[in-house]
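Student: Coordinates for the following, if possible.
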Amino acid sequence: MHSPYGDMFDFDPLLIGDERPGASIPGTHRETTVDDRPLFDAYSQAVVDVVDLVGPSVVRVETPADPETRRRGGTGSGVVISPDGLVLTNSHVVQNASTVRLALADTRTVTARVLGNDPHTDLALLRIIDDVSLPAARLGNSKGLRRGQLVVAIGNPLGFESTVTAGVVSALGRSLRAQTGRLIDDVIQTDAALNPGNSGGPLVSSRGEVIGINTAVIAGAQGICFAVASNTASHVVSEVVRHGRVRRAFIGVAGQTVPLPRRLALALGLAQPRGVAITSLEPDGPAARAGLQTGNIVIALAGEPVTGADDLVRLLGGKRIGIETVLTVIAGSDLRRITVMPAERNERREK
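Tutor: Next comes the predicted model:
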């Protein structure tokens, strides 16, 4: 209505004697009714949209107990990533099982076979055996993430199915040590609450893309949780589908991270503080055949600095298999470049 004072004030008719149900007493703050309740704020709408889109693709993963190996059964989460039944979860969720049971969001239960299990990245790929049609979530590009970005975690923590938590990307590029001792690189840190049972479930961006697979929490900490980046997951999926495993290169050395003597580093013009000293060589392995010797200190591989044993492990990816690779090493007081031909790694071996 128009005020006698022009446009200076804008009166609400409910505050000047409206007697309709739900109106407040004149001159006081009125109660909000269902009909005139404001719409969701943008944050809530974004979370709801993500849950509606990705929630149907999230499953509960159940592993059976095995009396022979004394393996206890357990539960975790997973996410369907293709309509034909490919499911991503954590390696530590499936343990050493060959088949698992999945409880779908629509209450159906199906059986899945473990296609590939990669403990080094704590990821496993499953394929549903039963003939079912499933909604699938899309893997996004984790390289595009930014700190502070909204993320949503969906999973089955502590037996509470289809639980949703939300938070932000707290940090990027973290490293997390897998149960095998190998570092998982490019890990996402988030404050979206995770609990036992969330493992293997998706971490989702506001665009509805899976940008991480939830993997770990730090006991006793608050708001510090981790997810394996979707780009790492995409690589694992590709390797498992093509080769049945994640291939990694092997040169046949055991090494130890050591500081570089300051005087030697200055003399050789090196800025890095550490390298990897070779402590042993596998007989007739690629490194031994190339002429590397115990005591050599590796400082670079294919031009990439090696400042610790984890760098050497990380740089020996599947793409190095059968490809001539230059190692830069300190031999005595000299800097040498030695060409090595990495082989495919046998998981029973060391690096």
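
Student: what sits against residue 40?
Tutor: Neighbouring residues of residue 40 by C-beta atoms under 8 Å, 6 or more residues apart in numbering: residue 48. All C-beta spots, glycine's among them, are computed from the backbone N, C-alpha and C.

Student: Relative to residue 285, how far out is it?
Tutor: Relative to residue 285, residue 40 is positioned 61 Å away (C-beta to C-beta, to the nearest Å).

Student: got it, and residue 212?
Tutor: Between residue 212 and residue 285 the computed distance is 36 Å (C-beta to C-beta).

Student: These two: who's more crowded?
Tutor: residue 212 (31 against 19; other C-beta atoms under 10 Å).

Student: close enough to count as contact, the more buried one and residue 227?
Tutor: Yes - Residue 212 is within contact range of residue 227, at 3.0 Å (criterion: C-beta atoms under 8 Å).

Student: what touches both of the two?
Tutor: 188, 190, 203.

Student: Hmm, the last one is touching residue 193, no?
Tutor: This means residue 203. No - if you go by C-beta under 8 Å, residue 203 and residue 193 don't touch, sitting 11.8 Å apart.

Student: Comparing these two, which residue is more hemmed in?
Tutor: residue 203 (32 against 17).

Student: Quick check: bridge partners of the more buried one?
Tutor: residue 153, residue 212 (DSSP bridges).

Student: residue contacts, it?
Tutor: 151-153, 188, 190, 192, 210-214, 227.

Student: mind redoing it with 6 Å?
Tutor: By C-beta atoms under 6 Å, 6 or more residues apart in numbering, residue 203 lies in contact with 151, 153, 212, 214, 227.

Student: Looking at those residues, which is nearest residue 96?
Tutor: residue 214 (21.0 Å; C-beta to C-beta).

Student: wait, isn't the closest one in contact with residue 227?
Tutor: Yes - Residue 214 lies in contact with residue 227 (C-beta atoms under 6 Å); the separation is 4.8 Å.

Student: Okay, strands next: where are they in the stretch 51-200 of the chain?
Tutor: 58-63, 74-80, 86-89, 99-103, 109-118, 123-128, 138-139, 150-155, 163-177, 183-190 (DSSP state E, counting those that start in this stretch).

Student: Would you mind listing the outside residues contacting the longest one?
Tutor: For strand 163-177, the surrounding residues in contact (C-beta under 6 Å, 6+ apart) are 47, 51, 145, 147-149, 151-154, 157, 183-187, 189-193, 226.

Student: In that strand, which residues are buried?
Tutor: For strand 163-177, the neighbour count (16 or more other C-beta atoms under 10 Å) marks 163-167, 169-170, 172, 174, 176 as buried.

Student: now these in JSON lines, with distance to residue 325 and pLDDT?
Tutor: Below are those laid out as JSON lines (distance: C-beta to C-beta, whole Å; pLDDT from 0 to 100):
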{"residue": "163", "distance to residue 325": "46", "pLDDT": "95"}
{"residue": "164", "distance to residue 325": "45", "pLDDT": "97"}
{"residue": "165", "distance to residue 325": "43", "pLDDT": "97"}
{"residue": "166", "distance to residue 325": "44", "pLDDT": "97"}
{"residue": "167", "distance to residue 325": "40", "pLDDT": "97"}
{"residue": "169", "distance to residue 325": "34", "pLDDT": "98"}
{"residue": "170", "distance to residue 325": "35", "pLDDT": "97"}
{"residue": "172", "distance to residue 325": "28", "pLDDT": "94"}
{"residue": "174", "distance to residue 325": "27", "pLDDT": "91"}
{"residue": "176", "distance to residue 325": "26", "pLDDT": "91"}
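
Student: Show me the two of these that sit farthest apart.
Tutor: 163 and 172 (24.7 Å).

Student: mind checking which of the strands of the stretch 51-200 of the chain is nearest residue 336?
Tutor: strand 183-190 (27.2 Å).

Student: Centre of the chain to that closest one, how far?
Tutor: 6 Å (C-alpha atoms, centre = their mean, to the nearest Å).

Student: same question, stretch 73-90
Tutor: For stretch 73-90, the distance to the chain centre is 14 Å (C-alpha atoms, centre = their mean).
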